[in-house]
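Participant: Task: produce atomic coordinates for the following.
(one chain, ligands or ions: 3)
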Amino acid sequence: MTDPLPAERPPVPLPANALDGQAVGTRPAGHPNARSGRIGVLLMNLGTPEATDYWSMRRYLKEFLSDRRVIETSRLIWWPILNLIILTKRPGPKGRDYASIWNTEQNEGPLKTITRNQAESLARDFAHLGDRVVVDWSMRYGLPRTADRIQALLDQGCDRILAVPLYPQYAAATVATACDQVFAALARMRWQPSIRIAPPWHDDPVYIEAIEASMRESLAKLDFEPEVVLVSFHGVPKEYLDKGDPYYCQCVKTFRLLRDRFGWPAERFRLSFQSRFGNAEWLRPYTDETVTALAKSGVKRMAIVAPGFTADCLETLEELDGENRHYFEGNGGERFAYLPCLNDSPRGMDVIRNVVERELKGWV
Ligand SMILES: C=CC1=C(C)c2cc3[nH]c(cc4nc(cc5[nH]c(cc1n2)c(C)c5CCC(=O)O)C(CCC(=O)O)=C4C)c(C)c3C=C
Ligand SMILES: [Fe+2]
Ligand SMILES: [Fe+2]
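Facilitator: Ligands and ions are numbered 1, 2, ... in the order given. The predicted structure follows:
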C-alpha cells in the first residue's frame, strides 16, 4: 500500500480575496489554504558530508553511491562491493581529504558555503521585486534536503517553483537525479506547485564569456605563463555516453567554445576528465594521466581549470589543486596553477541570474 497523502501545510494568513462567496478573511473548517502567488527559486547542488569523521563520511558516501543514477551497476553486484569494501575503506582517507579543504569557520564543506552564498546573492538581486520571489537552496545528498526546502517554499506561499540544478552540462548522474528528488517530493503532495526545471547552460554565451573572463583574470595574476591550459571536467563511466547521456558532448562543446575564444593552438588548450572511480572505463583522456604525461613530456608550466563546477569543492580544491599539482611537480613540472571556479563572484552570479531570469519569463 502507498503512503496516504499528508495533511495540508499549516495555515498561512488568508489573502482578502481568497474565498469566492465566503466572508472575507474566513475559511470553512477543513478547506485548504489559498496560496499567495509567490514564486520560489531553488538552487540545487550535489551535497557534501556534514563532517569529516568516519561515520559522517560513511553516511554521505552511502547515500551518494546508493543512487542508481550515479551507479548503474546491478544491485546484486553493487550492494556487497559498496557495503563490504567501499564503505569500509573510503570514509577514512576521503574524510582526511575533506579535512584539508574544510571551511573551519562555518564548519562545513566549501560546496555548501558557496551554494548558500550564491542563493543569498541571488535573493539580493531580486530584492527589487519585493517579496514576490523567494530564493532557497538544497543538496541532492545530505543537508539541506530538497523535499524540506520545497516544503519551506510552499509554507511561504510559493505556488510556482523554478528548480535550478547547478550544473552547466547535463548528466543523468547529476541533473536527472536532482529532478527525480523534486518529483519524488511532489509525488507525496495532494496540491502540487507548478514546477519548472532550468535547462543546462553549457553553450550559453553569458556562461562562456564569464568563464573566459575569469580565466583571463586568473592567468594575468600568475607570475608565469603556462605552456598548457588543461580544461578538466568531472568524468562519468563511458557506458553512460554509449547509452545516450549528452554529458560528454556538452563538455566538448563548452571546451570548443572556450578554445575558439582563446584562439590558442590545440597543444596549448586541452580537455580532460577527472575523478575516475572504480575499474570501468570512464570518459577519456583522464586528467591525472594527462597531467603526468605533460610533465614527463617536458612541459614545465601549466594551469588547470574546471568550468563544469559552479562551486569549488573537493574535486577542484583537493583533487585538481592538490593531487594533480603533486603529479605534475613529481614528474618534472615546475609551475602549476589552479584557476578557481566562478563561485559567487559577480561573473558567477551573472551566469546564474541570467539562467533564472530567462526561465522565470511569464511568471515574473
Ligand atoms: C562513482 C560515481 C560518480 C559519478 C558518476 C559522479 C558524477 C559526477 N559528480 C559530479 C560532481 C561532484 N562529485 C563530487 C564528489 C564525488 N563524486 C563521486 C562519485 C561520482 N560522481 C564521489 C564518490 C564523490 C565524493 C568524494 C569521493 O569519495 O571521491 C563533488 C564534490 C562534493 C563536495 O563535497 O565537495 C562534486 C561537485 C559531477 C558534475 C558528475 C557528473 C557529471
Ligand atoms: Fe562526483
Ligand atoms: Fe575526486
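
Participant: Could you check the pLDDT of residue 21?
Facilitator: Among the per-residue scores, residue 21 shows a pLDDT of 39.

Participant: does residue 203 sit in a helix, a strand or a coil?
Facilitator: Recorded secondary structure, residue 203: coil (DSSP: H, G, I helix; E, B strand; the rest coil).

Participant: any idea how far it is from ligand 1?
Facilitator: Per CB to the nearest ligand atom, to the nearest Å, residue 203 is found 16 Å from ligand 1. To be clear about C-beta, it is placed using only N, CA and C from the backbone, and glycine gets the same treatment.

Participant: Could you report the neighbour count for that residue?
Facilitator: Residue 203: 14 surrounding residues under other CB atoms under 10 Å.

Participant: mind checking the backbone torsions on the residue lying closest to it once chain neighbours are set aside?
Facilitator: Excluding the flanking residues, the one nearest residue 203 by CB to CB, 6 or more residues apart in numbering is residue 253, at 5.3 Å. Main-chain dihedrals, residue 253, degrees, to the nearest 10: phi -70, psi -40.

Participant: Was I right to think residue 253 contacts residue 201?
Facilitator: No - the pair residue 253 / residue 201 is not scored as a contact, 11.3 Å apart, by CB atoms under 8 Å.

Participant: In terms of neighbours, single out the busier of those two.
Facilitator: More crowded of residue 253 and residue 201, by other CB under 10 Å: residue 201, with 23 against 15.

Participant: and that one, what does it touch?
Facilitator: 168, 207, 351, 354, 355 (CB atoms under 8 Å, 6 or more residues apart in numbering).

Participant: In helices only, show me these.
Facilitator: 207, 351, 354, 355 (DSSP state H).

Participant: per-residue confidence for the residue nearest the centre of the chain?
Facilitator: The chain has residue 45 as the residue nearest its centroid, 3.5 Å off, counting by CA atoms, centre = their mean. Per-residue pLDDT puts residue 45 at 98.

Participant: That one - that's part of a strand, no?
Facilitator: Yes - the assignment for residue 45 by three-state DSSP puts it in a strand.

Participant: doesn't residue 115 make contact with it?
Facilitator: Yes - using CB under 8 Å, residue 45 makes contact with residue 115 at a distance of 4.6 Å.

Participant: Mutual contacts of these two, please.
Facilitator: Overlap of the contact sets of residue 45 and residue 115 (by CB under 8 Å, 6+ apart) consists of 137, 139, 166, 311.

Participant: Show me what from the stretch 51-200 of the chain comes close to ligand 1.
Facilitator: Within the stretch 51-200 of the chain, the residues that sit near ligand 1 (CB under 6 Å from any ligand atom) are 61, 64-65, 70-71, 90, 94, 109, 111, 167, 171, 173-174.

Participant: Just to be sure, which of those are found in helices?
Facilitator: Reading helices off those with DSSP H, I get 61, 64, 65, 94, 111.

Participant: Partner strands of the one helix or strand residue 162 maps to, with direction?
Facilitator: Residue 162 belongs to strand 158-165 when assigned by DSSP states H and E. The strands beside strand 158-165 in its sheet (DSSP bridges) come out as strand 38-47 (parallel), strand 194-197 (parallel).

Participant: Downstream of it, the next helix or strand is which one?
Facilitator: Using DSSP H and E, the first helix or strand after strand 158-165 is helix 177-187.

Participant: Quick one: mean pLDDT for that next one?
Facilitator: Mean predicted confidence for helix 177-187 is 98.

Participant: helices or strands next to that helix in the packing?
Facilitator: In terms of contacts (3 or more CB pairs under 8 Å, 6 or more residues apart in numbering; DSSP states H and E), helix 177-187 is packed against strand 38-47, strand 133-141, helix 146-155, strand 158-165, strand 194-197.

Participant: Could you point out which of the strands paired with strand 158-165 sits nearest ligand 3?
Facilitator: Of all the strands paired with strand 158-165, it is strand 38-47 that lies closest to ligand 3, at 11.9 Å by CB to the ion.
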